[in-house]
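Asks: quick check, what structure comes out for this input:
(one chain, ligands or ions: 1)
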Amino acid sequence: MKTKLQNVKAVKEMLAGTHKTQTKTIISFENKDYVRREVGEQWSDEFGNQWEQKKGYKVKLGKLSETRKEVSKFTNCSKEICTCTTPSQADKKMMMYHGMCLDCVISMEHTLTIEGKYKEYERNKILENAKAWLKQAEIEKEILKTGLKAQYILEDGRVEEWEGGMTPEELESKIDVEFEKFKTEFIAKLENGND
Ligand SMILES: [Zn+2]
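Replies: Just a heads-up that it's a prediction; the model follows:
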């Protein structure tokens, strides 16, 4: 059981780009130059990455240059009305979706309501969110397939047939077909909407 779980964990890490084979150079560099950090301390390494020390672990804040550029990424903010100089977490989240701060998003949505375009905008927004969610679901589906495959392989390397009479390949393709069917129907339902 433990090895199966480790397989799933490894796939997850591979997909996220955090597997030890993908981060090897960074790990060896840091072991060589180990510095003890205080909780809350921020620093940048020789690659320009910014880090923050948390209790027992550290998080990568991104490239220093990227952090500096952050404010200028609010490219869709209205120059006339925007007062956002120190973006909050909510502003940053809005920037990822809309390229503008929260206040500018609210004002933009207000304008759309007046122009009678809000419903269409909202439907597109829901669709975009759904597509992002489906992308994540697709990754999880692949993890599930890998996990299932691991359960078929017996200790001597022979491949076991599933009790439903399906081979692992047949079950895998069934998962793919079902997922594609679900995806198509899900998107179609959203696109047709219900006003
Ligand atoms: Zn703004």
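Asks: for the rest of this, base every contact and every neighbour count on C-alpha atoms.
Replies: Noted.
Asks: downstream of the helix or strand bottoming out on mean pLDDT in the chain, the next helix or strand is which one?
Replies: Scoring the helices and strands of the chain by mean pLDDT, DSSP states H and E places helix 24-32 at the bottom, with a mean of 41. Using DSSP states H and E, the helix or strand that directly follows helix 24-32 along the chain is strand 42-44.
Asks: check which residues of that following strand are buried.
Replies: Neighbour counts over strand 42-44 (16 or more other CA atoms under 10 Å) mark Gln42 as buried.
Asks: give me the contacts around that strand.
Replies: Residues outside strand 42-44 that contact it (CA atoms under 8 Å, 6 or more residues apart in numbering): 50-53, 64.
Asks: over to stretch 49-64?
Replies: Residues outside stretch 49-64 that contact it (CA under 8 Å, 6+ apart): 37-45, 48.
Asks: could I get the buried residue list for the host helix or strand of Glu170?
Replies: Assigned by DSSP H and E, Glu170 belongs to helix 168-192. Going by neighbour count (16+ other CA under 10 Å), the buried part of helix 168-192 is 168, 171-172, 175-176, 179, 183.
Asks: now do stretch 113-129
Replies: By 16+ other CA under 10 Å, the buried positions in stretch 113-129 come out as 118, 123, 127.
Asks: just to revisit the earlier point, put the buried members of the contacts of stretch 49-64 into a ChimeraX selection.
Replies: To isolate the buried members of these in ChimeraX, using 16+ other CA under 10 Å:
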select :42
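Asks: okay, the contacts of stretch 49-64 in TSV with pLDDT and distance to the ion next?
Replies: Converted to TSV, the contacts of stretch 49-64 look like this (pLDDT from 0 to 100; distance: CA to the ion, whole Å):
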residue	pLDDT	distance to the ion
Arg37	77	36
Glu38	78	35
Val39	79	33
Gly40	78	29
Glu41	79	30
Gln42	78	28
Trp43	76	29
Ser44	75	29
Asp45	74	32
Gly48	69	28
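Asks: could I get the contacts of stretch 49-64 in TSV, plus columns for distance to Leu144?
Replies: Listed next are those as TSV, based on distance: CA to CA, whole Å:
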residue	distance to Leu144
Arg37	38
Glu38	39
Val39	37
Gly40	37
Glu41	38
Gln42	37
Trp43	38
Ser44	37
Asp45	36
Gly48	36
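Asks: mind checking which of the buried residues of stretch 113-129 are in helices?
Replies: With helices taken from DSSP state H, the overlap with those comprises 118, 123, 127.
Asks: looking at the buried residues of helix 168-192, which one is closest to Met96?
Replies: Nearest to Met96 among these, counting by CA to CA, is Lys183 at 24.3 Å.
Asks: once you drop chain neighbours, what's closest to that closest one?
Replies: Distances taken as CA to CA, 6 or more residues apart in numbering place Leu134 nearest to Lys183, at 7.3 Å, with adjacent residues excluded.
Asks: tally of neighbours for the one you found?
Replies: Close neighbours of Leu134, defined as other CA atoms under 10 Å, add up to 17.
Asks: next: the one 3 residues further on.
Replies: By the measure other CA under 10 Å, the count of residues near Ala137 is 14.
Asks: all set, thanks.
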